[in-house]
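Visitor: Fold the stuff below for me.
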Amino acid sequence: MNKKYTHVFKKSAVVLAEYIGAREAGAILSVPPRYIYAWRRDASVLAGPSRSPLPGESAEQGFARAEKELAELKAINAILRKAWLFYTYPCKMDIALARDTADD
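Guide: Residues are numbered from 1 along each chain as shown. This next block holds a predicted model:
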């Protein structure tokens with residue numbers, strides 16, 4: 001069964017792999033390292049969605065697109081923060097995960 005990964009997840013995995021290596025990032029994210037290597041080679045993963053205004057896009061649509069992008073960046077930040085906690089303070093990782101699940 002093939003699992004589909006979102007653009008945000010792929011970008012987060014590539015960024016995390018730049019700091020700790022593809023094997024370690026794959027172990028943390030439960031992704032085969034070969035996927036991370038392939039995503040790293042794929043330039044569109046790091047480029048992300050286009051930021052240029054779309055033809056005929058209204059101000060509301062542009063604002064909605066900016067809000068969506070902000071949510072994606074917050075998701076990336078959360079993944080990187082958890083990875084940093086995991087490697088810096090392994091015993092505090094349980095506390096952070098408990099806090100994050102309590103917020104949901």
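
Visitor: Counting neighbours, what do you get for Ala17?
Guide: 22 (other Cβ atoms under 10 Å). Bear in mind the C-beta positions are built from the backbone N, C-alpha and C, glycine included.

Visitor: just checking, what packs against the helix ranked longest in the chain?
Guide: Using DSSP state H, we find that the single longest helix of the chain is helix 59-88. If contacts are counted by 3 or more Cβ pairs under 8 Å, 6 or more residues apart in numbering; DSSP states H and E, helix 59-88 sits against helix 7-20, helix 22-29, helix 90-103.

Visitor: got the angle for the second one vs helix 59-88?
Guide: By that I understand helix 22-29. For helix 22-29 against helix 59-88, the angle between stretch directions is 100 degrees (axes from the mean of the first three to the mean of the last three Cα atoms, to 10 degrees).

Visitor: Can you name the next helix or strand after helix 22-29?
Guide: Beyond helix 22-29 on the C-terminal side, the first helix or strand identified by DSSP states H and E is helix 33-41.

Visitor: Convert the C-alpha atoms of that following helix to CSV, please.
Guide: What follows is helix 33-41, C-alpha atoms only, in CSV (Å, rounded to 0.1, in the frame of the first residue of the first chain):
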residue,chain,number,x,y,z
PRO,A,33,15.6,7.2,4.0
ARG,A,34,15.4,6.5,0.3
TYR,A,35,12.3,8.7,0.1
ILE,A,36,14.1,11.5,1.9
TYR,A,37,17.0,11.2,-0.5
ALA,A,38,14.6,11.3,-3.5
TRP,A,39,12.7,14.3,-2.1
ARG,A,40,16.0,16.1,-1.6
ARG,A,41,16.9,15.6,-5.3
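
Visitor: low-scoring pLDDT stretches of this protein, where are they?
Guide: Low-confidence segments of the chain, defined by pLDDT under 70, are located at 1-2, 43-54, 89-104.

Visitor: separation between the residue positioned nearest the centre of it and Tyr5?
Guide: Against the mean C-alpha coordinate of the chain, by Cα atoms, centre = their mean, the closest residue is Ser12 at 2.9 Å. Here the distance between Ser12 and Tyr5 works out to 10 Å (Cβ to Cβ, to the nearest Å).
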